[in-house]
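> The sequence and its predicted three-dimensional model are supplied below.
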Amino acid sequence: MVNKVEREVQVLQHYLNEYGQQIEMLSQQLQMIESGRAEAAAAVETLAALVASPEGTVLLPVGGGASLRVKVLDADQVLLNLGAEVVIERQNSEAREFLEDRMTEMEASSKRLAETLGKLQGQANEVAQRLDQIYRMVQQQQGQASATRTG
């Protein structure tokens, strides 16, 4: 019986470790998607503000918390990085639409990841509860065994 319990504990601990690693990985992916979504939202906001701004002046971050006030020469032409070093030029409104579509895709991915993460966390909780039951059962049996030896 002890070997069976020890084996179950080992298997459950293995599952718990696996779930923990998967949860960590998915959490990081979720964080990256959220960061990308926030970045795209800021870009959409900036592009819209550029069109509305008569002088076309924006703050350009240059690093270290420093920014420059710069005048945009052509606020209607936007360079979009599609990935894999592919950059295309689009009208401001097309660029905003592209970014908004990308944000929608990221939100859908984020939702799917969050659902998967919730399921994994639920499974990990079930495994942890089962481990807790086993530990309590073993402690109870040890307590009864020591009581019979002393009594």
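That came through, no problem. Just so we're clear, the structure is a prediction, and the values are computed from it rather than from any experiment.
> so Val9 makes contact with Gln133?
No - Val9 lies out of contact with Gln133 (CB atoms under 8 Å); the separation is 10.8 Å. For the C-beta atoms, the positions are set from N, CA and C on the backbone; glycine is no exception.
> ok, those two, which is more surrounded?
Applying other CB atoms under 10 Å to Val9 and Gln133 shows that Val9 carries more neighbours, namely 15 against 10.
> Now that one: closest residue in space, sequence neighbours ignored.
What sits nearest to Val9 in space, not counting adjacent residues and going by CB to CB, 6 or more residues apart in numbering, is Ile134, at 5.9 Å.
> Figure out how far the helix or strand hosting Glu126 is from the centre of its chain.
In this structure, Glu126 sits in helix 92-150 according to DSSP states H and E. Averaging C-alpha positions (CA atoms, centre = their mean, to the nearest Å) puts helix 92-150 14 Å from its chain's average.
> Return the list of helices and strands in contact with it.
Secondary-structure packing of helix 92-150 (3 or more CB pairs under 8 Å, 6 or more residues apart in numbering; DSSP states H and E): helix 2-52, strand 77-83.
> Out of those, which one sits most buried?
Greatest average neighbour count among the helices and strands packed on helix 92-150 goes to helix 2-52 (a mean of 14), per mean count of other CB atoms under 10 Å.
> Tell me what angle the helix or strand just after that helix forms with helix 2-52.
Using DSSP H and E, the helix or strand that follows helix 2-52 in sequence is strand 57-63. On the basis of axes from the mean of the first three to the mean of the last three CA atoms, to 10 degrees, strand 57-63 is oriented at 140 degrees to helix 2-52.
> can you tell me how far the residue nearest the centre of the chain sits from Thr116?
By CA atoms, centre = their mean, the chain has its centre lying nearest to Leu30, at 1.5 Å. Plainly put, Leu30 is 10 Å away from Thr116 if you go by CB to CB, to the nearest Å.
> Right, I'll leave it there.
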